[in-house]
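Enquirer: I would like the atomic coordinates for the input below:
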Amino acid sequence: MKTVLLVLLLFPVMVWGQRVRVTPEDLARKQSFLLLRDGIVVRGQVIRQDSLLTTVRKSGGNLTFVENEQLIGIMPIRPRTNGATTLSYQVFVFRDSSRVEGRFVRQDSTMITVRKRNGQLTYFEPELLLRVDSVNVATADSGRTFINQFSPWLLIGQTAYNPEKGRFYYRNKWVLLNEVEYGITRNWSVGASYSLNPPMFVEKLDTYQATASYQGNTIELNSKLSASIGRKFRAGLTVAYQPKTSSYFYKNGKWTVQALATFGTSQRNVTVGYGIINRGRQNVYPPWSSAWPPPYTEERIPDQSFITLGIVQKILPNLTLLSDNRINLGKRFFSYDDRGERATLSFALRLDRRRHSFDLGAYSFLYRNNYFWDGKKVRIVPYIGYNLMIGGKVK
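Expert: Alright, predicted model coming up:
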């Protein structure tokens with residue numbers, strides 16, 4: 001019993017002797033690099049050290065605190081790594097749509113402790129947390145990285161992830177297609193898009209019409225509902241309405257409904273979908289008629305169904321690979337906004353930044369037959385897109 005009591009009394013002294021101690025040289029230095037057990041490097045001026053914490057002043061003047069038990073070294077220069085390393089961290093997304101990037105430290109019955117990527121500790125209640133996404137990328141430098149902030153979208157299609165609550169998003173595709181989205185809640189968003197009339201040479205390429213989603217000088221209204229079902233599965237439903245315009249005054253509006261299922265995290269996932277396009281009853285005109293006004297009949301246009309497959313893969317700290325593919329089922333109805341494509345295949349690289357990103361890639365169309373003027377059944381066009389997040393604080 002005496003031996004046990006002696007060990008208990010001496011244990012704090014043993015721990016004190018094993019921990020990293022701040023030296024007078026460390027205190028005199030204006031900048032030091034503190035290496036932690038989880039691989040994070042904290043840069044700043046060491047101010048003091050007590051029995052539990054080491055206080056560091058960051059470059060902006062803010063103080064951060066490092067637990068002594070997590071500290072494995074204090075160096076005057078940044079430690080170097082040989083070759084490629086694996087950079088891994090978590091993205092903690094809260095119910096108010098805010099987020100924190102860092103690594104989990106500990107959790108008790110009342111609080112979760114996370115070390116942010118700048119080395120600072122942050123604390124929050126478990127009930128505030130919505131989900132945790134893991135980011136694991138290979139990199140030769142552990143410098144700044146950016147997650148894919150636009151996980152709800154592929155190129156033309158979407159995933160089952162929803163825009164964050166209280167934030168506006170602006171997207172531009174092929175220069176002339178403009179979209180605005182807003183997250184009303186964490187599970188519901190609304191948006192609108194407007195397509196400018198493309199130049200004649202672009203119409204020849206069918207870049208816009210071939211998506212079966214856009215016509216010149218038209219608008220489209222859309223809404224998405226989605227919810228998480230398990231940790232790495234999310235289901236969603238999108239509804240879009242494209243009203244008739246002066247350019248197509250004889251046509252009724254077009255409804256598009258699509259069910260989505262996304263497997264994986266917001267940074268790495270696969271999305272499958274099934275959708276239906278409903279054009280309702282249309283005024284059908286003959287191809288050629290010398291009468292004015294030309295005669296027409298009102299007919300119920302059959303619904304067109306399609307399936308989609310999308311892939312999102314974070315491949316580098318600031319780069320995401322996207323693939324957006326679609327197959328149209330059934331017969332074509334060229335006169336009713338079906339541009340004749342059997343399938344669309346695409347891939348692009350998304351250059352991620354803190355609040356915006358650029359999409360660069362290729363978009364291909366596989367047609368049912370060669371009725372186009374150049375007789376080609378396959379057409380490949382460049383894809384260019386821009387995404388911008390407006391509002392809310394990015395942590």
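
Enquirer: and the pLDDT at residue 235?
Expert: We note a pLDDT of 96 for residue 235 in this prediction.

Enquirer: also residue 376?
Expert: With respect to pLDDT, residue 376 scores 75.

Enquirer: residues near it, how many?
Expert: Neighbour count of residue 376, defined by other Cβ atoms under 10 Å: 11. Placement of C-beta: from N, CA and C, glycine included.

Enquirer: name the SS class of it, please.
Expert: Three-state call for residue 376 (DSSP: H, G, I helix; E, B strand; the rest coil): coil.

Enquirer: what's the separation between it and residue 343?
Expert: Using Cβ to Cβ, to the nearest Å, residue 376 is found at 15 Å from residue 343.

Enquirer: over to residue 323?
Expert: Taking Cβ to Cβ as the measure, residue 323 falls 13 Å from residue 343.

Enquirer: and the end-to-end length of stretch 223-239?
Expert: End-to-end distance for stretch 223-239, by Cα to Cα, to the nearest Å: 5 Å.

Enquirer: so residue 107 touches residue 124, yeah?
Expert: No - using Cβ atoms under 8 Å, residue 107 is not in contact with residue 124; the gap is 10.3 Å.

Enquirer: and the closest residue to residue 353 other than its chain neighbours, what are its phi and psi?
Expert: Computed as Cβ to Cβ, 6 or more residues apart in numbering, the closest residue to residue 353 that is not its neighbour in sequence is residue 146, at 5.6 Å. Per-residue torsions, residue 146: phi -130, psi 140 (degrees, to the nearest 10).

Enquirer: residue 146: neighbour count?
Expert: By other Cβ under 10 Å, neighbour count at residue 146 equals 18.

Enquirer: same question for residue 289.
Expert: 11.

Enquirer: ok, residue 294 touching residue 284?
Expert: No - counting by Cβ under 8 Å, residue 294 sits too far from residue 284 to count as a contact (10.7 Å).

Enquirer: so for the two, which residue has more residues nearby?
Expert: residue 284 (14 against 11).

Enquirer: show me where this structure has its helices.
Expert: Assigned by DSSP state H, the chain shows helices spanning 2-18, 24-28, 200-205.

Enquirer: now for the shortest one, which elements pack on it?
Expert: The reference is to helix 24-28. strand 41-49 (3 or more Cβ pairs under 8 Å, 6 or more residues apart in numbering; DSSP states H and E).

Enquirer: partners of the strand it packs on in the sheet?
Expert: Within its sheet, and counting by DSSP bridges, strand 41-49 is paired with strand 32-36 (antiparallel), strand 53-57 (antiparallel).

Enquirer: between the ones you listed, which gets nearest to residue 191?
Expert: strand 32-36 (42.2 Å; Cβ to Cβ).

Enquirer: can you pull up the most central residue in this protein?
Expert: Central residue of the chain (Cα atoms, centre = their mean): residue 151, 1.9 Å from the mean position.

Enquirer: please name the nearest non-neighbouring residue to that residue.
Expert: Nearest to residue 151 is residue 266, by Cβ to Cβ, 6+ apart, at 3.9 Å.

Enquirer: assess the claim that residue 173 and residue 154 are in contact.
Expert: No - at 10.9 Å, residue 173 and residue 154 do not qualify as touching, with contact defined as Cβ under 8 Å.

Enquirer: and the residue nearest to residue 353, how far from residue 235?
Expert: 27 Å.

Enquirer: and what of residue 150?
Expert: Distance of residue 150 to residue 235, given as Cβ to Cβ: 20 Å.

Enquirer: how about residue 310?
Expert: Residue 310 is 14 Å from residue 235, by Cβ to Cβ.

Enquirer: which of those two has more residues huddled nearby?
Expert: Taking neighbours as other Cβ under 10 Å, residue 310 and residue 235 compare with residue 310 leading, 25 against 14.

Enquirer: so which residues make contact with stretch 382-389?
Expert: With contact meaning Cβ atoms under 8 Å, 6 or more residues apart in numbering, stretch 382-389 is reached by 149-150, 153, 155, 167-175, 346, 348, 350, 355-363.
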